[in-house]
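mind folding the following:
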Amino acid sequence: MSRHPVAGSDACAPTASVEGLVPLDASFFERETSLVARDLLGKILVTTVGDTVCGGRIVETEAYLGADDPGSHAATRGVTARNRVMYGPPAHAYVYFTYGVHHMLNLVTEPVGVAGAVLVRAVEPLWGADTMERRRGMSGIAVSNGPAKVAEAFGVDLRLNDERLGGAIAVYDAAHVPDKAVSTSGRVGLSAGHDLELRFYVTESAYVSRGRTGPRPTRRSTHDDRGTG
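Predicted coordinates:
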């Protein structure tokens with residue numbers, strides 16, 4: 001834990017630590033998924049990949065529910081090899097690979113046996129910005145203003161799927177974002193279930209993604225049209 005920098009410190013300060021920050025425990029995640037998605041706004045995401053630490057403030061999320069949510073990877077005839085992590089214990093990472101290019105980072109919610117996960121869509125970098133820019137090959141808000149960008153910037157890939165939070169991936173408590181600073185909308189990039197108001201974002205954050213809600217217009221539907229699993 002001492003390798004992690006302090007929120008708000010200079011990027012990658014080698015002697016800083018997370019001392020004073022409190023990691024969110026499983027009880028935070030073992031709740032209704034939409035509530036967790038809302039409450040994750042403002043919390044601090046930290047990844048430690050090798051000796052490289054990156055951290056940032058979560059500013060956009062989407063909730064993905066169980067079998068009755070047509071946008072969720074849990075909308076199947078039961079547990080599959082792919083979506084099993086969504087049914088597992090809360091406070092784990094659910095990482096999947098989509099379109100043959102991108103990884104997506106989700107945080108598992110709900111009690112064991114109930115599918116649910118929150119997709120981390122956008123993060124404001126707090127430290128490790130140099131590393132994020134190198135991984136992304138670009139700078140500015142484009143480093144982490146979308147879910148695939150977040151995963152790449154934070155070094156998340158399938159090796160971290162089903163990883164218990166608190167190790168290579170951790171989420172720390174931070175000041176609650178007041179309701180007046182939060183907006184909701186339908187979810188982005190789905191062929192079904194896009195109309196459900198399960199996207200949450202910090203209204204004034206420049207890092208909120210530019211993705212449009214509403215039905216995907218043309219391409220044939222695939223499993224990857226779903227936001228999770």
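
residue ranges of the helices in the chain, please?
Along the chain, the segments classed as helices by DSSP state H run 26-29, 33-39, 129-136, 147-153.

winner for burial among those?
helix 147-153 (a mean of 24; mean count of other CB atoms under 10 Å). C-betas here are computed from N, CA, C, even on glycine.

contact partners for the residue nearest the centre of the chain?
Nearest to the mean C-alpha position of the chain, counting by CA atoms, centre = their mean, stands V120 at 1.9 Å. By CB atoms under 8 Å, 6 or more residues apart in numbering, the contact set of V120 is 40, 45, 58, 60-61, 105-107, 147, 150.

just the pLDDT for H4.
You'll see H4 listed with a pLDDT of 44.

pLDDT weak spots in this structure?
Residue ranges of the chain with pLDDT under 70: 1-19, 214-229.

which residue ranges of it form strands?
44-49, 52-64, 93-98, 102-108, 117-127, 169-172, 182-185, 199-202 (DSSP state E).

mind checking which of the ones you listed is nearest E30?
E30 lies closest, by CB to CB, to one member of these: strand 102-108, at 9.5 Å.

returning to that earlier point: which residues does the residue nearest to the centre of the chain bridge with?
Beta-bridge pairing for V120 (DSSP bridges): T61.

equivalent analysis for the one 4 residues further on, please.
Beta-bridge partners for E124, by DSSP bridges, are R57.

that one: how many residues sit nearby?
With neighbours defined by other CB atoms under 10 Å, the count for E124 comes to 20.

now S139
Counted with other CB under 10 Å, the neighbours of S139 add up to 12.

phi, psi for D25 please.
phi -90, psi 180 (degrees, to the nearest 10).

that one contacts R31, doesn't it?
No: using CB atoms under 8 Å, D25 is not in contact with R31, being 11.8 Å away.

check contacts around G56.
Contacts for G56 (CB under 8 Å, 6+ apart) come out as 44-45, 123-128, 144, 154.

that one and G193, how far apart?
Distance of G56 to G193, given as CB to CB, to the nearest Å: 27 Å.

could you do G146 as well?
Distance of G146 to G193, computed by CB to CB: 19 Å.

neighbours of the spatially closest residue to A151 that is not a sequence neighbour, how many?
Nearest non-adjacent residue to A151, counting by CB to CB, 6 or more residues apart in numbering: H103, 4.1 Å away. H103 has 21 neighbouring residues, counting by other CB under 10 Å.

can you check A181 too?
14.

likewise A91?
Neighbours around A91, by other CB under 10 Å: 20.
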